[in-house]
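J.: below is the sequence, then the predicted model.
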Amino acid sequence: ANCTIVCGNSIGKYAFVGAGSVVTKDVPDHAVVVGNPARVVGYMTRDGRRVATLEEAKGE
């Protein structure tokens, strides 16, 4: 809700963008980003569980 994604940036698969965030860089797959500018604060699995690492999110 009310986030801003700067033109030319992409949002990865299964990524979450927090409300009010300003995305100034590409967001990787499975990342949870928040803030202004948006920064990665964690990762999510395909089914929405929060995990500590990108490898866990991808099921590796």
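T.: Good, I have the coordinates.
J.: please pull out the lowest mean pLDDT helix or strand from the chain.
T.: One helix or strand of the chain scores below all others by mean pLDDT, DSSP states H and E: helix 54-58, with a mean of 86.
J.: tell me how far that one lies from the chain's centre.
T.: 13 Å (Cα atoms, centre = their mean, to the nearest Å).
J.: now for that helix, which elements pack on it?
T.: On a contact count with 3 or more Cβ pairs under 8 Å, 6 or more residues apart in numbering; DSSP states H and E, helix 54-58 meets strand 39-44. Just so you know, the C-beta spots here come from the backbone N, C-alpha and C atoms, and that holds for glycine as well.
J.: now the strand it packs on: buried residues?
T.: Val40, Gly42, Tyr43, Met44 (16 or more other Cβ atoms under 10 Å).
J.: same question for stretch 16-36.
T.: Phe16, Val17, Gly18, Ser21, Val23, Val27, Pro28, His30, Ala31, Val32, Val33, Val34.
J.: thinking the fourth one is in contact with Cys3, fair?
T.: Yes: look at Ser21 against Cys3 with Cβ atoms under 8 Å: they come within range, at 4.6 Å.
J.: shared neighbours of those two, anything?
T.: Taking Cβ atoms under 8 Å, 6 or more residues apart in numbering as the criterion, Ser21 and Cys3 both touch Ala38.
J.: how about the buried residues of stretch 16-36, which pair is most distant?
T.: Maximum pairwise distance in these, criterion Cβ to Cβ, is 16.2 Å, between Ser21 and His30.
J.: out of the buried residues of stretch 16-36, who's nearest Asn9?
T.: Out of these, the member with the shortest distance to Asn9 (by Cβ to Cβ) is Val23, at 5.5 Å.
J.: any idea how far the closest one lies from Thr4?
T.: Distance of Val23 to Thr4, computed by Cβ to Cβ, to the nearest Å: 7 Å.
J.: again with Glu55
T.: Relative to Thr4, Glu55 is positioned 30 Å away (Cβ to Cβ).
J.: just put the buried residues of strand 39-44 in JSON lines and tack on distance to Gly59 and pLDDT.
T.: Listed next are those as JSON lines, based on distance: Cβ to Cβ, whole Å; pLDDT from 0 to 100:
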{"residue": "Val40", "distance to Gly59": "19", "pLDDT": "96"}
{"residue": "Gly42", "distance to Gly59": "16", "pLDDT": "94"}
{"residue": "Tyr43", "distance to Gly59": "11", "pLDDT": "94"}
{"residue": "Met44", "distance to Gly59": "12", "pLDDT": "93"}
